[in-house]
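J.: I need the structure of the sequence given here:
(one chain, ligands or ions: 1)
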Amino acid sequence: MATKVDETKTADEGKRIYVSYNDEWYDITEFDHPGEGIRGTYMSDYNGKKIDEELHTAHSTNDPYEWLEEAKAKGECDGVRFIGELSKAAE
Ligand code: HEM
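T.: Numbering: from 1, shown residues only. Below is the predicted model:
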């Protein structure tokens with residue numbers, strides 16, 4: 001069955017989307033997430049959140065981890081941009 005993507009969610013008023021994995025931050029605004037719209041999943045709902053648990057439970061492949069590793073190694077990978085640790089002083 002085709003997945004109907006809610007365009008009002010994907011556009012999200014041009015807001016940037018930052019997520020945290022393994023205590024480091026990634027900008028996934030430009031990432032074309034293959035799971036977008038599947039089972040009501042929208043990356044904009046995860047802005048500012050830790051996604052370690054969801055990465056583990058939502059996916060059936062290692063691709064998400066490979067994407068994040070490559071982004072971390074190169075600075076960017078297919079729209080996933082590595083940011084790094086946030087300053088401890090800001091916590
Ligand atoms: C930067 C972070 C993420 C990356 C790189 C990523 C990457 C991917 C990739 C490669 C797929 C297709 C293959 C697979 O199932 O592994 C996918 C599917 C999916 N993703 Fe993500 N994802 C990310 C974050 C999330 C988050 C936070 C959720 C929250 C629930 C999520 C939910 C899903 C769902 C529901 C699917 C569809 C799985 C299916 O076909 O049943 N993803 N994602």
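J.: Excluding sequence neighbours, find me the nearest residue to the residue of the chain found nearest the ligand.
T.: Proximity of the chain to the ligand (CB to the nearest ligand atom) peaks at residue 35, 2.1 Å away. Just so you know, the C-beta spots here come from the backbone N, C-alpha and C atoms, and that holds for glycine as well. In space, and not counting its chain neighbours, residue 35 is closest to residue 41: 5.4 Å by CB to CB, 6 or more residues apart in numbering.
J.: how much space between that neighbour and residue 66?
T.: 19 Å (CB to CB, to the nearest Å).
J.: Neighbour count: those two, which is higher?
T.: residue 41 (15 against 11; other CB atoms under 10 Å).
J.: elements contacting the longest helix anywhere in the chain?
T.: Assignment by DSSP state H gives helix 63-74 as the longest helix of the chain. In this structure, helix 63-74 makes packing contacts with strand 24-27, strand 76-77, strand 80-84, judged by 3 or more CB pairs under 8 Å, 6 or more residues apart in numbering; DSSP states H and E.
J.: Let me see the contact set for the residue nearest the centre of the chain.
T.: Nearest to the mean C-alpha position of the chain, by CA atoms, centre = their mean, lies residue 28 at 4.7 Å. Residue 28 makes contacts with 17-19, 43, 79-81, as judged by CB atoms under 8 Å, 6 or more residues apart in numbering.
J.: same thing but at 7 Å, please
T.: 17, 19, 43, 80 (CB atoms under 7 Å, 6 or more residues apart in numbering).
J.: Show the contacting residues for residue 64.
T.: Applying CB under 7 Å, 6+ apart, the residues contacting residue 64 are residue 55.
J.: circling back to that earlier point, could you pick out which of the contacts of residue 28 are near the ligand?
T.: 19, 80 (CB under 6 Å from any ligand atom).
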